[in-house]
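Colleague: For reference, the sequence and a predicted model appear below.
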Amino acid sequence: MSPAVTEQIRKEYGAVHAALPASVIDPGRRDEAIEKLCAQGLPATREENWRYTNLRVLEHARFAPVETHGPAMPSLPQVPPGFVRYVFVDGLLRSGAPASGPDLTVRSLRSSGPSSSDAWLPCPDFPEARLALLNEAFATDALSIEVRANAAPAGIELIFVATAGAQAGASYPRVRVALEAGAELTVLERHVGAPEAASLVNSAVRVDVGENARLTHYRLQQCAARAAWFDTLTAQLSAHARYHLLAVGTGALTARSTAHVRLAGAGAELALSAAALADHQQSHDMYALSEHVAPNTRTIETFRGIASGRARVAFNGKIVVRERACGTDSRQSLRGLLDGPQAEIDVRPQLEIYTDEVRCSHGATAGKLDENMLFYLLSRGIAPQTAHHLLKWAFLEDVVAKIERTELRRQIERDLAEQMSGAAALMELL
Amino acid sequence: MLKIENLHATVDGKEILKGLDLEVPAGEVHAVMGPNGSGKSTLAYVLAGRPGYAVTAGRISFQGHDLLALAPEERARAGVFLGFQYPVEIPGVNNVYLLKAAINAARKQRGEPEVDAFEFLTLVREKMRLMRMDESMLSRGVNEGFSGGEKKRNEILQMLVLEPRLAVLDETDSGLDIDALKIVAHGVNTLRAPERSLVLVTHYQRLLEHIVPDRVHVLVNGRIVRSGDRTLALELERRGYDWLISEAA
């Protein structure tokens, strides 16, 4: 990325920084973030871990936060049973009451300000997290979700709606989820947009899962067709914490998700399941770093991506096993499906192991639809297009079937079926 | 029902069927036997319309229509069923979805309304009992994690639910133990009817003890070299295929 862009960022920051809410992020930290970002520069495709990301959109972007919302709001899906909904529009909390019960606190930092107990850590210092610095500098609101020790299971739904076009500025969703020991929470995070809006969204999510706590985190990227969505998620897992991160991406013209999960406590477990469905000229790219720091930690990573038309789908899953992390167990199953001669799939497992006595397995494939399966379905009278959709569907099921909440899984299945053009016949089967 | 004349077919440019003639009247069960590599499976795939199996000469008429003019899914809807030698596993596509989609595709073709959900499940359950299959299999992926025998039973289950006009069963007996063979044979026998024809492609005559054929044909080097009644199968069991191979040469 050219220095001109970082200069542009600095200039825009200079113009707006005085108006950015100090309660969300301390001005000093915002300044630091800008300095760090400008020193490091924005990511560029010549860097290995960004080579499949479409970064062109950042070259002419307006980085200051959106001030004027777009004219249209998309219709929102029904609130799944058992969830409390919070809606953000262009980065600002629009609806959803703060909660401050004995088990759970949910608050917008813009309206409530940080408390002394606020432990929102600065951006982690890893090079792929640079876009989180951009979020840290410009964020206009942040939602903090804190669950007390041994709290009963709860469900929170977060919807981030982008309505403004990129010329109106960017939006910066920002969330922190912290579970104390033994707590249990399900977070459903949706990113959607007004259909015509070519929005620029750059979100940052920080997750802390305490000892023996359990977080299930569903992330659905369903942004509008012309939107650009960037995202940085960092998570820290304490001893015997369990984190199930399940991401399904279907929207946006350009989507890049960066995740860094640190398994810091012994016996911590990460199940990372991701699915991407891209068509036309969409570009979906995910980089997931799972860092095993403590002994007997475990990562199970599943990726299924389908690229149709001229779309490009990439998944780069890196597992790092540090010196102390003996007894690590990691499994990666990364598969891409090429659905068209001009589509592109890049799946890449990476392992970096600094200790003995680990069990790390990985499998990565990229291929076309299985001809044998296709013929089997045709031989039963299924129309070719339906057979095609059915097999694409089945391919993603490896991830979708992991959604434990039936209602939610159904909703996501319907969304995916709708996403597959001409999948009416498929819908009848569901 | 089925009339094949002078059928030539190639796979990857290599000619496998070299002028095959076969006629199966309605209501009859015919066995096509032959040594490995004689073209038995190729015949089954050509009948089902598998891509990559190119017909270079000859005709296949099915109920008076040109079968070769139909796409694979059209053949299925017209009542042609292929029981696969190696049924594929399709994880993520539910067995019950597949059965329902298949049955509705055929109904649509006939201008009939979609199957009623209750009627459908009743039918499927009845056929599953016949095939001694556990109902839990319905909600599993197509053939996913099934043993060889379960896969074959699932093929027959699909056939029983779809009630085809012409069923071509490709080595349905391979990989079955004797109990499973009896169950499969019983399933097939229940489908014998005056308006239906069956073609059993097999290597051994063992299956034919349980499904007694009206005619037996021997396929060698891409052609039917001998046809006879069921005693021909017994003769093959006794003498092997070598004498026919030398005769054909």
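Modeller: Ah, there it is.

Colleague: For the closest residue to chain A within chain B, list the residues it contacts.
Modeller: For chain B and chain A, the shortest gap (C-beta to the nearest C-beta) falls at B:G92, measuring 2.8 Å. Heads up, the C-betas are built off the backbone N, CA and C, glycines and all. Going by C-beta atoms under 8 Å, 6 or more residues apart in numbering or on different chains, B:G92 touches A:W393, A:A394, A:F395, A:L396, A:E397, A:D398, A:A401, B:G141.

Colleague: Go through those and flag which are in strands.
Modeller: Among those, the residues falling in strands (DSSP state E) are B:G141.

Colleague: just the buried members of the contacts of B:G92?
Modeller: The neighbour count (16 or more other C-beta atoms under 10 Å in any protein chain shown) marks A:W393, A:A394, A:F395, A:L396, A:E397, A:D398, B:G141 as buried among the contacts of B:G92.

Colleague: Tell me the residue of the stretch 301-430 of chain A that sits nearest chain B?
Modeller: Counting by C-beta to the nearest C-beta, the stretch 301-430 of chain A gets nearest chain B through A:A394, at 2.8 Å.

Colleague: Please report how far that residue lies from A:G251.
Modeller: 22 Å (C-beta to C-beta, to the nearest Å).

Colleague: re earlier: quick one: what helix or strand has the residue of chain B closest to chain A in it?
Modeller: Using DSSP states H and E, the element containing B:G92 is strand B:90-94.

Colleague: Parallel or antiparallel, which strands does that strand pair with?
Modeller: strand B:141-142 (antiparallel) (DSSP bridges).

Colleague: Is any residue of the following helix or strand past the partner strand near chain A?
Modeller: Per DSSP H and E, the first helix or strand lying C-terminal to strand B:141-142 is helix B:148-162. Yes. Using C-beta under 8 Å from any C-beta of the partner chain, helix B:148-162 reaches chain A at B:Q158, B:L162.

Colleague: Check which helices and strands helix B:148-162 is in contact with.
Modeller: strand B:80-83, helix B:95-109, helix B:117-130, strand B:166-170, helix B:178-190 (3 or more C-beta pairs under 8 Å, 6 or more residues apart in numbering or on different chains; DSSP states H and E).

Colleague: buried sites along it?
Modeller: For helix B:148-162, the neighbour count (16+ other C-beta under 10 Å) marks B:149-162 as buried.

Colleague: do the same with stretch B:220-229
Modeller: B:V220, B:N221, B:G222, B:R223, B:I224, B:V225, B:R226.

Colleague: cool, stretch B:3-10 as well?
Modeller: For stretch B:3-10, the neighbour count (16+ other C-beta under 10 Å) marks B:K3, B:I4, B:L7, B:H8, B:A9, B:T10 as buried.

Colleague: Quick one: residues contacting residue 95.
Modeller: Let's take chain A. By C-beta under 8 Å, 6+ apart, the residues touching A:S95 are A:R85, A:Y86, A:V87.

Colleague: my bad, chain B
Modeller: B:M137, B:L138, B:S139, B:R140, B:G141, B:V142, B:N154.

Colleague: one more time with 7 Å
Modeller: Shown in contact with B:N95 (C-beta atoms under 7 Å, 6 or more residues apart in numbering or on different chains): B:M137, B:L138, B:R140, B:V142.

Colleague: And B:N6, by the same measure?
Modeller: Counting by C-beta under 7 Å, 6+ apart, B:N6 touches B:G19, B:D21, B:A57, B:G58.

Colleague: before we move on, which element is it in?
Modeller: Here B:N6 is assigned to strand B:2-11, by DSSP H and E.

Colleague: That strand vs strand B:166-170, what angle?
Modeller: 40 degrees (axes from the mean of the first three to the mean of the last three C-alpha atoms, to 10 degrees).

Colleague: just how off-centre is strand B:2-11 within its chain?
Modeller: From the chain centre to the centre of strand B:2-11 is a distance of 16 Å (C-alpha atoms, centre = their mean, to the nearest Å).

Colleague: avg pLDDT for the helix or strand just after it?
Modeller: Where DSSP H and E defines the elements, the next helix or strand beyond strand B:2-11 is strand B:14-24. When pLDDT is averaged along strand B:14-24, the result is 97.

Colleague: what does stretch A:411-429 give?
Modeller: 71.

Colleague: next one: stretch A:227-236
Modeller: Rounded mean pLDDT across stretch A:227-236 is 96.

Colleague: Let me see the residues that make contact with that stretch.
Modeller: Outside stretch A:227-236, the residues that touch it by C-beta under 7 Å, 6+ apart are A:57, A:124, A:129, A:131-132, A:162, A:191, A:193, A:197-209, A:221, A:223, A:243, A:251-262, A:264.

Colleague: And the residues you listed, which of them are buried?
Modeller: A:57, A:129, A:131-132, A:162, A:191, A:193, A:197-209, A:221, A:223, A:243, A:251-262, A:264.

Colleague: Where helices are concerned, which of the residues you listed count?
Modeller: Members of the buried ones among the contacts of stretch A:227-236 lying in helices (criterion: DSSP state H): A:L131, A:A132.

Colleague: And the furthest pair within the contacts of B:G92?
Modeller: Pairwise distances across those peak at 13.2 Å for A:L396 and B:G141 (criterion: C-beta to C-beta).

Colleague: Going by residue numbers, what spans are helices in chain A?
Modeller: A:3-16, A:27-40, A:109-112, A:130-138, A:371-378, A:384-400, A:406-419, A:424-429.

Colleague: quick one: buried residues of the second one?
Modeller: Using 16+ other C-beta under 10 Å as the test for burial, helix A:27-40 gives A:R30, A:E32, A:A33, A:I34, A:K36, A:L37, A:C38.

Colleague: OK, contacts around the second one?
Modeller: Residues counted as contacts of A:E32 (C-beta under 7 Å, 6+ apart): none.

Colleague: where does it land on pLDDT?
Modeller: For A:E32, the predicted pLDDT is 93.

Colleague: Near the closest residue to B:V80 other than its chain neighbours, how many other residues are there?
Modeller: Nearest non-adjacent residue to B:V80, counting by C-beta to C-beta, 6 or more residues apart in numbering or on different chains: B:L166, 5.1 Å away. For B:L166, the neighbour count with other C-beta atoms under 10 Å in any protein chain shown is 22.

Colleague: contacting residues for B:L166?
Modeller: B:M1, B:L2, B:F62, B:G79, B:V80, B:S197.
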